[in-house]
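Q: Sequence first, predicted coordinates after that:
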Amino acid sequence: MYELLLRIETLFQSLAVPALVGVGIVALAAGFVLWLGGTRYSAAITGVLGAVVGSACGLLVSQRFDLHPWLSMVIGAAVLAGLSILLRNVLILVLAVLVFSAVGGTGYLAVVLDRAVPQARPEVRADEGQLVHYFSGMDSAGRQTYMNDISKENDTFAGRLQALLADTWAAIRPHGWMVLLAIIAGAVIGFLLVWFVAKIVIALAYSIVGTTMIFIGLQAILLAAGFTVVSALADHRRALPIAFIIMTALGWLWQLFYWRPKTRKEVKAEPPEAE
């Protein structure tokens, strides 16, 4: 997990301070809502998600058919937000399955990267002869230099992200099929769990996503303040996964036992007054 987090930290360091603060605030706010109140506000969350996806689809349609972009975005947001609320239960089940598949794939990817990191040198040769560099074997300046090299001095966040994904894929290429199997296994397990214990599993999925967003938000805020928290924890690499598991468990239990969705209370009819 540490190698993967180092790559994310190095990528975020290319962002300007205002962008980091904006990303951090939005991620923290959304993360806390999902972490502690995902099941309680599931209708609003699915509606907002549908509106975001709908606005993006509307923007793409406007570019394809030469329509007014803002009008297309508003219509797309309204339509998909309404459908998301009407089909809330189906959408929540699908999202829960996607979360578990992502957890399976990302978890296996993190383990593979940590096990593959060489102890004494920052690079090893992959099966196909390609030289793969590992961020855990470099200092902060070395990571930034390597990021500039693989992105060919591209200053845009999208370009650097694409270069980092390509480099990460090169590092795990020998284990590509296993990563795919882990994603499929996570999806199957998530589907089976949702089928039998939907309420419990959906709360866990909300807590996982919320905790992830809180971690991203905190990392962005700390980077804006000039503190590289992942690099600082080089000698305590297990602290981050342990903190993630604890926070996920706390958010899960909170949603299950302390902050359930509101239910309508039945109003008992009062007996008529005697005349």
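A: Yep, it's here.
Q: who's in contact with residue 103?
A: Taking Cβ atoms under 8 Å, 6 or more residues apart in numbering, we find residue 103 in contact with 186, 208. Every residue, glycine included, has its C-beta placed from N, CA and C.
Q: Please apply the same query to residue 41.
A: Contacts for residue 41 (Cβ under 8 Å, 6+ apart) come out as residue 33.
Q: What about residue 143, how many residues nearby?
A: 23 (other Cβ atoms under 10 Å).
Q: for the residue lying closest to it once chain neighbours are set aside, what are its contacts?
A: Closest residue to residue 143 apart from its sequence neighbours, by Cβ to Cβ, 6 or more residues apart in numbering: residue 10 at 4.6 Å. Contacts for residue 10 (Cβ under 8 Å, 6+ apart) come out as 135, 143, 144, 147, 164.
Q: Which one of those sits in the busiest neighbourhood?
A: Comparing those by number of neighbours (other Cβ under 10 Å), residue 135 comes first, having 29 neighbours.
Q: re the thing from before, what distance do you get for the residue nearest to residue 143 to residue 30?
A: Using Cβ to Cβ, to the nearest Å, one obtains 24 Å as the distance from residue 10 to residue 30.
Q: how many other residues sit next to residue 1?
A: By other Cβ under 10 Å, 18 other residues sit near residue 1.
Q: Kindly report the same for residue 223.
A: Other residues lying near residue 223 total 21 when counted by other Cβ under 10 Å.
Q: Tell me which helix or strand it sits in.
A: Using DSSP states H and E, residue 223 sits within helix 198-224.
Q: Would you mark the buried spots in that helix?
A: 201-217, 219-224 (16 or more other Cβ atoms under 10 Å).
Q: what pLDDT, on average, does it get?
A: The average pLDDT within helix 198-224 is 87.
Q: on contacts alone, who are the packing partners of the next helix or strand after it?
A: Next helix or strand after helix 198-224 toward the C-terminus (DSSP H and E): helix 229-232. Packing contacts for helix 229-232, counted by 3 or more Cβ pairs under 8 Å, 6 or more residues apart in numbering; DSSP states H and E, involve helix 2-12, helix 198-224.
Q: mind checking which of those helices is nearest residue 181?
A: Proximity to residue 181 (Cβ to Cβ) singles out helix 2-12 among those, at 18.6 Å.
Q: what's the angle from that closest one to helix 198-224?
A: Orientation check (axes from the mean of the first three to the mean of the last three Cα atoms, to 10 degrees): helix 2-12 against helix 198-224 gives 50 degrees.
Q: Give the buried residues for helix 2-12.
A: Buried residues in helix 2-12, counted by 16+ other Cβ under 10 Å: 2, 3, 4, 5, 6, 7, 8, 9, 10, 11, 12.
Q: ok, now stretch 162-170?
A: 163, 164, 167, 168, 170.
Q: Of those, which belong to helices?
A: 163, 164, 167, 168, 170 (DSSP state H).
Q: which residues in the stretch 1-150 of the chain form strands?
A: For the stretch 1-150 of the chain, applying DSSP state E, counting those that start in this stretch gives strands covering 123-125, 131-133.
Q: low-confidence ranges in the stretch 151-275 of the chain?
A: Applying pLDDT under 70 to the stretch 151-275 of the chain flags residues 153-154, 172, 176, 194-196, 259-275.
Q: dump the residue contacts of residue 24.
A: With contacts defined as Cβ under 8 Å, 6+ apart, residue 24 is in contact with 216, 217, 218, 219, 220, 221, 224.
Q: no wait, residue 8
A: 216, 219, 230.
Q: Is the first one in contact with residue 25, as I believe?
A: No: contact criterion Cβ atoms under 8 Å: residue 216 and residue 25 do not qualify, at 11.5 Å.
Q: what about stretch 158-168, distance to the chain center?
A: 17 Å (Cα atoms, centre = their mean, to the nearest Å).
Q: Next, count neighbours for residue 30.
A: Neighbours of residue 30 (other Cβ under 10 Å): 18.
Q: try the one 10 residues further on
A: Around residue 40 sit 17 other residues, with neighbours defined as other Cβ under 10 Å.
Q: now do residue 39
A: Neighbour tally, residue 39, other Cβ under 10 Å: 23.
Q: What of residue 27?
A: 20.
Q: For stretch 247-258, which residues meet the burial criterion?
A: Buried residues in stretch 247-258 (16+ other Cβ under 10 Å): 247, 248, 251, 252, 254, 255.
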